[in-house]
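**Q** Have a look at this fold, sequence not included:
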């Protein structure tokens, strides 16, 4: 399961960013929706097979909803696919403390991502929030303190690396 879980994290991050860029940059709603479906399938799979992934993907979803970042039909379709998979197959029991920590850090990452530059010129703080590192730190600490499997941090880094890689690829294709 470790390899399929790692691949699911990687591909969900890749297709999340690719879907967003297709919608926001290329204005291609059809492609954005198709890529959103693929993202929803991989995130949904990870969520139903692993409690840590369940916490992470639900926290990302809730953080984005509360930050008003669900702003396109592609997001709604991705969310619907994800929710349907979770409803049909069920989700594993999760650690409530880990869920709350991840929701809060995901929300703070989303709120600070584009706004922090208005409040500070500190390059390190700006980079920290540009790359949404608060949740990464939280996931690392949850692993260190035994609330997550430590491999979850590595899987989450795969998600983030693939997300950034997709953004880089998409910029090259503009």
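**A** Perfect, thanks for sending it. Remember, predicted model here, so these are calculated numbers, not experimental data.

**Q** Pull up the per-residue confidence for the residue nearest to residue 90 when sequence neighbours are not counted.
**A** Excluding its sequence neighbours, the residue lying closest to residue 90 (C-beta to C-beta, 6 or more residues apart in numbering) is residue 48, at 6.6 Å. Where you see a C-beta, it was placed from the backbone N, CA and C, and this is true even at glycine. You'll see residue 48 listed with a pLDDT of 98.

**Q** got a list of what residue 48 touches?
**A** 54, 85, 86, 89, 90, 91, 92 (C-beta atoms under 8 Å, 6 or more residues apart in numbering).

**Q** can you rerun that using 7 Å?
**A** Residue 48 makes contact with 85, 86, 89, 90, 91 under the criterion C-beta atoms under 7 Å, 6 or more residues apart in numbering.

**Q** Tell me if I'm right that the first one and residue 46 touch.
**A** No: between residue 85 and residue 46 there is no contact, the gap being 10.0 Å when judged by C-beta atoms under 7 Å.

**Q** Same drill for those two, tell me which one is more crowded.
**A** A count of neighbours by other C-beta atoms under 10 Å puts residue 46 above the other of residue 85 and residue 46, at 25 against 20.

**Q** can I assume the more buried one is in contact with residue 5?
**A** Yes: contact criterion C-beta under 7 Å: residue 46 and residue 5 qualify, at 5.9 Å.

**Q** Mind listing the shared neighbours of the two?
**A** Counting by C-beta under 7 Å, 6+ apart, the contacts common to residue 46 and residue 5 are residue 53.

**Q** Count the neighbours of residue 138 for me.
**A** Other residues near residue 138 come to 24 when the count uses other C-beta under 10 Å.

**Q** dump the residue contacts of it.
**A** Applying C-beta under 7 Å, 6+ apart to residue 138 gives the contacts 101, 102, 105.

**Q** List the buried residues for the lowest-mean-pLDDT helix or strand in the chain?
**A** One helix or strand of the chain scores below all others by mean pLDDT, DSSP states H and E: helix 123-130, with a mean of 86. Residues of helix 123-130 classed as buried: 128, 129 (neighbour count, 16 or more other C-beta atoms under 10 Å).
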